[in-house]
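Participant: Predicted structure and sequence below. I'll ask about it afterward.
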Amino acid sequence: MKHWLKTSARGMGMGVADTIPGVSGGTIALLLGIYEQFVTATSEIGPALLRALFTRAFWRRFFAGLKSPSALTDEGVDRHAKNVLFLGFLVLGIGLAIAIGARFIPDLLTRYPSQMKGFFFGLVLASCVIPYRLIKRRTPTRFVSFALFAAGTFLFVALPIDQSQQAHGTVTVTFARPTDAPLTFTAWQEQTTFSTNRYGGESPKREIRFVPTKNVDVPVGATSATVPVRAVIAGKVGNVPPAELVVATGLPADATFSASSLDGGSDPALWFIFIAGVLAISAMVLPGISGSFVLLMLGLYHYIFFNLRLLLYERDMSALPVILVFIAALIIGIATFSRFLKWLFARYHDVTLAALIGIMAGSLRELWPFKAIDADGTAVNTLPGSFDGAFAVTIACVVVGLVLVLGLERLTRAPPTSPPAA
């Protein structure tokens, strides 16, 4: 049992990573030395495994393996029992971490975006060392594979985020007195937010929040400013009556505000949620590409986590269809994509590892911790504006991520494992 609880602990690391746009659970699996076992086990999900579940022999071997993992071989029903135990305890850890992460990670990303991104930038950068060490022959073909996938991922993570299903409108901010200094409402950083107060502060994550869609510069002497806003979450839930937008953060003292019509939000179709789930779980399996980032790019990151919180913490059954469809997509997607990945490992082991390194390197564009907002409200990578305390903390977080990964890699370093069997 102790062995399997360690698997759950590794799953928790993967689950935390999967709640963060830009970080892949596959990266954590690679770091913790279970990546190829994870690919092999998930690729075994299919009719043969389902048939085994209805036999007594499977359950005898299952309980024997639960007590002593060494009692199981890699053949026949033992292989199925070992895979079910591994995936069961891994998913237990992943699910627990996602349930907890859904409550805390988005807030940490909002409050400390540079520091969080800095930590994971260092983590992913250092994690490139692990698959590099597993490449047996470093030939030009491997470097071409690395370059192509690095360039492709670098371009992929720069694709615009879909905002078409989010409610939008305008908010007029009125200042108690003419401004005596320039003021800027910054787009999408959630430094300035406008939200409902339906739960009186008891359930803030169920409130509907709106943020500026572009930078609004307020000159000295202004008495008011008009700020275009868009709901953070997709769906009809964002179509709130303007009078319900009563809570604001990031406004000057004594400022008041009023909203215009807030509409245009539409619920994503269940088929679209299914496709997004398949793409997200496929990305999660690949070190470097974050499943959460895929959801963010498709405009579903906040929508999925909002519904997950409704179901887990508020017992709101209206969220059940969305979550069930998404879970079904995850199961089907991972079973299908992992088979393909297992085939690649079996036939093109080194080239596949080089491609994974390229994906991880290309994804660093999304994790770069220093961002600026352009005139269209788009976050772009930039150099730090000033070398102050915040810069020092961010750099320290990068170093912590680097040291953590390299230290773990050194402690757990082992001879390269053989590729999964075809």
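Facilitator: Good, I have the coordinates.
Participant: I'd like the next helix or strand past the helix or strand of the chain with the lowest mean pLDDT.
Facilitator: Counting by mean pLDDT, DSSP states H and E, the chain has its least confident helix or strand at strand 371-373, which shows a mean of 73. Next along the chain after strand 371-373, taking DSSP states H and E as the criterion, comes strand 379-381.
Participant: quick one: that next one to chain centroid distance?
Facilitator: Offset of strand 379-381 from its chain centre (C-alpha atoms, centre = their mean, to the nearest Å): 18 Å.
Participant: And stretch 323-333, by the same measure?
Facilitator: 16 Å.
Participant: can you check stretch 223-237 too?
Facilitator: 24 Å.
Participant: so for that stretch, what's the average pLDDT?
Facilitator: Stretch 223-237 carries an average pLDDT of 89.
Participant: ok, now how distant is the residue most central in space within the chain from residue 284?
Facilitator: The structure's the chain has its C-alpha centroid closest to residue 292; by C-alpha atoms, centre = their mean the separation is 2.8 Å. Separation of residue 292 from residue 284 (C-beta to C-beta, to the nearest Å) stands at 8 Å. All C-beta atoms are positioned from the backbone trio N, CA, C, and that covers glycine.
Participant: for the chain, which helix is longest?
Facilitator: helix 76-111 (DSSP state H).
Participant: continuing past that helix, what's the next helix or strand?
Facilitator: The first helix or strand that comes after helix 76-111 along the chain, using DSSP H and E, is helix 113-127.
Participant: what sits up against that following helix?
Facilitator: Here helix 113-127 makes contact (C-beta atoms under 8 Å, 6 or more residues apart in numbering) with 17, 20, 22-23, 27, 30-31, 108-109, 189, 287-288, 360, 363-364, 367-371, 390, 393-395, 397-406, 409.
Participant: Return the angle between stretch directions for it and helix 76-111.
Facilitator: 140 degrees (axes from the mean of the first three to the mean of the last three C-alpha atoms, to 10 degrees).
Participant: shared neighbours of residue 292 and residue 284, anything?
Facilitator: residue 18.
Participant: What sits closest to residue 274 if chain neighbours are left out?
Facilitator: Excluding the flanking residues, the one nearest residue 274 by C-beta to C-beta, 6 or more residues apart in numbering is residue 329, at 4.5 Å.
Participant: The one you found should be in a helix, yeah?
Facilitator: Yes - under DSSP: H, G, I helix; E, B strand; the rest coil, residue 329 sits within a helix.
Participant: Surely it touches residue 278?
Facilitator: Yes - the pair residue 329 and residue 278 passes the contact test of C-beta atoms under 8 Å, sitting 4.9 Å apart.
Participant: Check the burial of residue 223 by counting its neighbours.
Facilitator: 12 (other C-beta atoms under 10 Å).
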